[in-house]
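K.L.:
Need a 3D model of the following:
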Amino acid sequence: MAFALSAGGKKNGVSPTMNVTPLVDVVLVLLIIFMVVTPLLSKHFWIEVPKIEERKEAPPPSDVKNLVVTVDAKGAIAVNKQLVAKGELGARLRELLASREEKIVYFQAAKDAPYADVVSALDETRMGGAATIAVLTTEPKD
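P.N.:
Below is the predicted model:
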């Protein structure tokens with residue numbers, strides 16, 4: 001505790017004052033410690049992931065066949081390897097998709113197929129009632 005002379009009151013009177021310098025030093029050291037430790041605390045998360053049960057689903061019936069529309073290099077269109085005239089693709093797909101619950105059609109075009117033929121085949125496929133058109137990048141398995 002330090003003593004200082006007061007300006008008022010008694011002459012030559014001494015009044016006590018508190019020295020806060022050590023307190024400030026301790027607070028700054030604690031602040032630095034918390035600033036260093038806090039980011040390290042938030043990096044650890046413990047998560048329990050439920051185990052996945054292995055289920056074996058029955059394969060789909062073999063009589064249900066995927067619809068695959070292909071366009072070859074000459075621009076010829078085929079549905080499940082059966083050639084279809086360019087204007088009849090939409091009508092053919094409407095017939096095939098009428099009895100199906102899922103309206104999924106797989107589409108494949110040759111690398112060197114004419115762009116106009118590929119786009120028109122895609123348009124006719126959509127107009128034929130396909131809700132989902134999946135573009136194949138590899139040869140489909142039969």
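K.L.:
where does Glu53 land on pLDDT?
P.N.:
The per-residue pLDDT reported for Glu53 equals 79.
K.L.:
burial of it, as a residue count?
P.N.:
Using other C-beta atoms under 10 Å, Glu53 has 5 other residues around it. Yep, even glycine has a C-beta here, placed from its N, CA and C like the rest.
K.L.:
That one is in what secondary structure piece?
P.N.:
Using DSSP states H and E, Glu53 sits in no helix or strand.
K.L.:
Phi and psi next, for it.
P.N.:
Note on Glu53: its backbone torsions stand at phi -80, psi 130 [degrees, to the nearest 10].
K.L.:
ok, now Ala130?
P.N.:
phi -80, psi 120.
K.L.:
Next one: the nearest residue to it once chain neighbours are set aside from Asn12, what distance?
P.N.:
In space, and not counting its chain neighbours, Ala130 is closest to Val105: 4.0 Å by C-beta to C-beta, 6 or more residues apart in numbering. Distance, Val105 to Asn12, by C-beta to C-beta, to the nearest Å: 105 Å.
K.L.:
if we can go back for a sec, and the residue nearest to Ala130, what does it touch?
P.N.:
67-69, 93, 97, 125, 128, 130, 132-134 (C-beta atoms under 8 Å, 6 or more residues apart in numbering).
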